[in-house]
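J.: Fold the following, please.
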Amino acid sequence: MVDKTYNFIVNKLELASTLSGGPLRKVMGDLVEDMVDFIWYEISLKYPTVNNKITIGKQTPIIISNKGGSIKESVDRHCFINNKMVLCIECKTYLDKCYMQRADSDFALMKEGANFDAIIVSLENGIGDDSYSFFKQRNNIDDVFYLADGKRKSTNHISHNIERINKEKIAILIDKIESYFKEANN
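T.: Next comes the predicted model:
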């Protein structure tokens, strides 16, 4: 499955390398979400007896209430095993401080209303080490997965540096997602 996922990413990046402007942003914006959906689907085929579902977060928001009222909160993907949300995934082409801060805030609110693992999946790492450590210490984000080697450079677009995509990092992400299926299958 690692090779299939790698090829999925490479095909999207090769398409992106031919685009600019809005079409480029659209392909890149959808890439990680589509890849997560692809991985979930491929894993689900290995575990046909495990009741599972992955949704676009906006379709299954968590409602958080307090004395002042209530809000609906979501991230990119909500993942369910046996009708229980076990994992929420924020998907990013690159992760910088403002994106991690937003994910941290979203996960903190969502965890007031539900118990689940919260991860970020990003092609590229664009966050400083101090900022990363700060948000990880808050314990709202359980894990972060970068699929490309090295730091993001705005002048060196990932679609022109496909060789930075790391199959070992893809394998680690697949193992993480598959662990929920394995646990439910026992």
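J.: the helices in this structure, which residues?
T.: 2-16, 21-46, 97-111, 129-137, 167-185 (DSSP state H).
J.: Would you reformat these as JSON lines and include mean neighbour count and mean pLDDT?
T.: For every residue, glycine as well, the C-beta is placed using N, CA and C. JSON lines is the format used below for the helices of the chain (neighbours: other C-beta atoms under 10 Å; pLDDT from 0 to 100):
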{"stretch": "helix 2-16", "mean neighbour count": "16", "mean pLDDT": "96"}
{"stretch": "helix 21-46", "mean neighbour count": "16", "mean pLDDT": "95"}
{"stretch": "helix 97-111", "mean neighbour count": "18", "mean pLDDT": "97"}
{"stretch": "helix 129-137", "mean neighbour count": "13", "mean pLDDT": "97"}
{"stretch": "helix 167-185", "mean neighbour count": "16", "mean pLDDT": "97"}
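J.: Which parts of the strand ranked longest in the chain count as buried, going by neighbours?
T.: What stands out as the longest strand in the chain, according to DSSP state E, is strand 84-95. Neighbour counts over strand 84-95 (16 or more other C-beta atoms under 10 Å) mark Met85, Val86, Leu87, Cys88, Ile89, Glu90, Cys91, Lys92, Thr93, Tyr94, Leu95 as buried.
J.: which residues touch the closest residue to Glu112 other than its chain neighbours?
T.: Counting by C-beta to C-beta, 6 or more residues apart in numbering, Ile64 is the residue found nearest to Glu112 once chain neighbours are left out, at 5.1 Å. For Ile64, the contact set (C-beta atoms under 8 Å, 6 or more residues apart in numbering) comprises Ser70, Ile71, Lys72, Glu73, Leu109, Met110, Glu112, Gly113.
J.: Please pick the buried ones from those residues.
T.: Among those, those scoring as buried are Glu73, Leu109, Met110, Gly113 (criterion: 16+ other C-beta under 10 Å).
J.: picking up where we left off before, out of the helices of the chain, nearest to Asn156?
T.: Ranking the helices of the chain by proximity to Asn156 (C-beta to C-beta) places helix 2-16 first, at 13.1 Å.
J.: That concludes my questions; thank you for your assistance.
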